[in-house]
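Asker: here's my sequence, what's the structure:
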Amino acid sequence: MRSRAARRLASWDVAIVVVLAVFLAVASITVDRFASARNVSFLLLDLAPIALIALPMTLIIVTGEIDLSVASTLGLTSAVLGALWDGGWPMEAIVPACLLLGAVLGALNGLFVTVLGLPSLAVTIGTLALYRGLAFVVLGDRAVAQFPPGLTGWVSAGVPTLLLPLLALALVFAVLLHATPLGRRLFAAGANVEAARFTGVRVAAVKFWLYVACGAVCALAGVLWTLRYSSARADNGSGLELAVVAAVLLGGVSIFGGRGTLWGVLAGVLLLTSLQNALRLLDVSTEALTLVTGLLLIVSVLAPNAVSALGRRRRRPPSAPSVHPTASAPAEPPVVRSS
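Answerer: Below you'll find the predicted structure:
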């Protein structure tokens, strides 16, 4: 029990929480206005879409797959929302239609990956371009604004309207991943697909519904993004997939599948967005922010695997000294038979 607790304290997700706490403390002291209530509100608004999309993305990567079309799904949802609002639809009908659209887009990814057996990396790179192109077909280069002030004000309020629902949804995904038979199936599928199939896990069905859920959550993030900025544009959320994948991997989820925790991912999301926020307050350029995100993505791939390999090496028992088979026992004296 003591060795298990020690290994747990030395795990990557615990390390990232410690790094997060240290960074928040240092940034609060050294970066002007970082700890102000206004900046914290903006930080939470920046965090919300990344954290939302990171929830289903965590489950997808745990199974050994990936979805790089998430930002394009967000952008297409925003474009459709703007087009429908411009066409006179009520918001009560637009939001369910957008969520349904996101589920359909996710289902298309799931069909390509699970039915046709195509690699998820190649599929979602293709749909990344496809969905973004469709967004420009729907809305073009124009922006649609003048959404209901009550809705835009509600989304921009920050803590009560976004953080609490986000935490509730995170709790649902955490229970699903860590405390249900489905969660154990996800880890099994990510660790060894063939072994999971032999134990009765319907791997294809599980992955398909994960992509559907990811599409619906991306659509929700697209609705919130549009209402926050009060602007529906085809290029909304461009590049967001890089931040989402970086945050998930930074939180300790293995890119190869089969390992990770949701609370580690949430810590990774908060660390990434806090770092970006602090750099913006220091007037760092957008190009430098992209560079930092890329570097964090590389570190998040290399470091957890290096820590895991080091831990396995330390736990490996010392090998016994080899003994030559002919020298394993002294030779017995010859038996003399009496006549």
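
Asker: and the closest residue to V19 other than its chain neighbours, what is it in contact with?
Answerer: The shortest distance from V19 to any non-neighbouring residue, by C-beta to C-beta, 6 or more residues apart in numbering, is to L271 (6.6 Å). C-beta: built from backbone N, CA, C; applies to glycine. Residues counted as contacts of L271 (C-beta atoms under 8 Å, 6 or more residues apart in numbering) are 16, 19-20, 23, 247, 250.

Asker: need the pLDDT of L271.
Answerer: Per-residue confidence (pLDDT) for L271: 93.

Asker: kindly report the same for L291.
Answerer: Per the predicted model, pLDDT is 87 at L291.

Asker: that one and T127, how far apart?
Answerer: L291 is 26 Å from T127, where distance means C-beta to C-beta, to the nearest Å.

Asker: so if I had to pick from those two, which one is more boxed in?
Answerer: Taking other C-beta atoms under 10 Å, L291 and T127 do not tie; T127 has more neighbours (24 against 12).

Asker: the closest residue to the more buried one other than its chain neighbours: neighbouring residues, count only.
Answerer: Spatially, and ignoring its direct neighbours in sequence, T127 is nearest to S69 (4.1 Å; C-beta to C-beta, 6+ apart). S69 sits with 30 neighbouring residues when counted by other C-beta under 10 Å.

Asker: same check on L186?
Answerer: The number of residues packed near L186 is 29, by other C-beta under 10 Å.

Asker: check A79 too.
Answerer: Using other C-beta under 10 Å, the number of residues around A79 comes to 28.

Asker: any idea which element it lies in?
Answerer: Using DSSP states H and E, A79 sits within helix 70-86.

Asker: L121 and G64 touch, don't they?
Answerer: No. Under the criterion of C-beta atoms under 8 Å, L121 makes no contact with G64, lying 10.9 Å away.

Asker: if you count what's nearby, which of those two comes out ahead?
Answerer: Neighbour count, other C-beta under 10 Å: between L121 and G64, G64 has more, with 20 against 13.

Asker: and the more buried one, how far from G258?
Answerer: Distance, G64 to G258, by C-beta to C-beta: 7 Å.

Asker: any shared contact partners between these two?
Answerer: Shared contacts of G64 and G258, defined by C-beta under 8 Å, 6+ apart, are found at G190.
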